[in-house]
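S.K.: just to be clear, the model below is a prediction. Sequence and coordinates:
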Amino acid sequence: MPNFTNDLPKQPTSPVVIKSAPINNVIRALEINNLQNLANSKNPYEGKVQSFTPDKGLYPGPLGTPVMQDITFSSVNYTDPQTGVTKKTKEIKLIDILISVNLPSIIVKTQIQGRRGTVKEYIGEDDWQITINGFLLAANGQTPSDAIIDLKNMKRACVPIPVTCTYLNNLDISNIVLEDFSMQQEPGGYSKQGFSLTCISSHDVLLQIY
C-alpha cells in the first residue's frame, strides 16, 4: 500500500514573517490627514452636555432594590352603615404600584337651532380620576390575607382618605375617595395578589358664614 505521507510537502522550519505596510500607506488608506491634530483636537461637546444627578430611592425594598415611589393611606375613622358602630381603618403603605390620573373639564354644551356644533360653556375642572394598580405580596407559600382585609376595610369606609404620595401630592391631590376595588387571582400567584383601585380626588370645602 503506498505511503502518501511521504509525498506531502514538508512544513517550513523557519517562521513566516509578514511585513507591515508603511504608516504612510495606512494613513492614506484610512484618509487620515493628520493623526496628531486629531488626537489633540478639543471635544466640541465638552461643557455643553447637561449633567444631572439621579434621584435617590426612598428606602431599600424587600429585594434590596431602591423604592422610588410609594403611597400611604392614612388611618381614618368611619361609621359602619349596617351596625352604626364607629370603626377605624389601618394605615396602609404600598410600594408595588403604578398610578394613572386623568383630569376632565366640566363643559356645558348648548345646541342652537340652525347652528353647526354647540356652544361650549366652561364651568371648571372635575375631580381627578385616579387608578392605582399594584400587588400585595406575602412570604413564599403564604397568601397576603391581612393586606387584602385591610384594603377591603378601607374601601368600606366610604369617607375621604388622606394619602401621602409624591406623585399625587405634586398634583395637589391629598385626599381621595375609593369608588371601586377589584382583585383577580393569577395562576401560580398564591403569594401575590394583584389589585386595582379606582378613585377620585376630594377637596375640602370651606364655608364662610356671615
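M.R.: On my side now, so go ahead. Residues are numbered from 1 along each chain as shown.
S.K.: mind checking how far V67 is from L178?
M.R.: In this structure, V67 lies at 23 Å from L178, with C-beta to C-beta, to the nearest Å as the measure. Any C-beta I mention is one placed from the backbone N, CA and C, and that applies to glycine too.
S.K.: which one's more surrounded, the two?
M.R.: L178 (21 against 14; other C-beta atoms under 10 Å).
S.K.: need the contact list for I161.
M.R.: For I161, the contacting residues are F73, S74, V76, T89, M154, N175, I176, V177, L178, taking C-beta atoms under 8 Å, 6 or more residues apart in numbering as the criterion.
S.K.: how about K109: what's its closest non-neighbour residue?
M.R.: Closest residue to K109 in three dimensions, ignoring its sequence neighbours and counting by C-beta to C-beta, 6 or more residues apart in numbering: T118, at 4.1 Å.
S.K.: I'd like the contacts of I161 as TSV, with secondary structure and distance to G188 appended.
M.R.: Formatted as TSV, those follow (DSSP: H, G, I helix; E, B strand; the rest coil; distance: C-beta to C-beta, whole Å):
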residue	secondary structure	distance to G188
F73	strand	28
S74	coil	34
V76	coil	35
T89	coil	31
M154	helix	27
N175	strand	37
I176	strand	32
V177	strand	34
L178	strand	29
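S.K.: for ChimeraX, what selects the buried ones among those residues?
M.R.: This is the ChimeraX syntax for the buried subset of the contacts of I161, where burial follows 16 or more other C-beta atoms under 10 Å:
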select :73,76,89,154,175,176,178
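S.K.: so where's the protein uncertain?
M.R.: Low-confidence regions of the chain, defined here as pLDDT under 70, cover residues 1-41, 43, 45, 47-51, 204-210.
S.K.: for P66, which residues make a bridge with it?
M.R.: When bridges are taken as DSSP bridges, the partners of P66 come out as P60.
S.K.: the most centrally placed residue in the chain is in what secondary structure piece?
M.R.: Compute the mean C-alpha point of the chain, and by C-alpha atoms, centre = their mean the closest residue is L98, 5.8 Å away. Element membership for L98, per DSSP states H and E: strand 97-102.
S.K.: how near is S74 to V177?
M.R.: For S74, the distance to V177 - C-beta to C-beta - is 14 Å.
S.K.: I meant to write E186 there.
M.R.: For E186, the distance to V177 equals 28 Å [C-beta to C-beta].
S.K.: same deal with I95?
M.R.: Using C-beta to C-beta, which is the criterion applied here, I95 is 23 Å from V177.
S.K.: which helix or strand contains the nearest residue to G194 once chain neighbours are set aside?
M.R.: The spatial neighbour of G194 that comes closest, neighbours along the chain excluded (C-beta to C-beta, 6+ apart), is F135 at 5.4 Å. Element membership of F135, judged by DSSP H and E, is strand 129-137.
S.K.: which residues sit against that strand?
M.R.: Around strand 129-137, the neighbours that count as contacts under C-beta under 8 Å, 6+ apart are 62, 71, 94, 96-104, 144, 147-148, 151, 168, 173, 176, 191-201.
S.K.: restrict that strand to CA atoms and write it as CSV.
M.R.: Taking C-alpha atoms only, strand 129-137 is exported to CSV below (Å, rounded to 0.1, in the frame of the first residue of the first chain):
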residue,chain,number,x,y,z
GLN,A,129,-59.8,60.4,38.2
ILE,A,130,-57.1,58.1,39.6
THR,A,131,-56.4,54.4,39.0
ILE,A,132,-53.9,52.6,41.3
ASN,A,133,-52.7,49.2,40.1
GLY,A,134,-50.4,47.1,42.2
PHE,A,135,-49.6,43.9,44.1
LEU,A,136,-50.0,42.7,47.6
LEU,A,137,-47.1,40.4,48.5
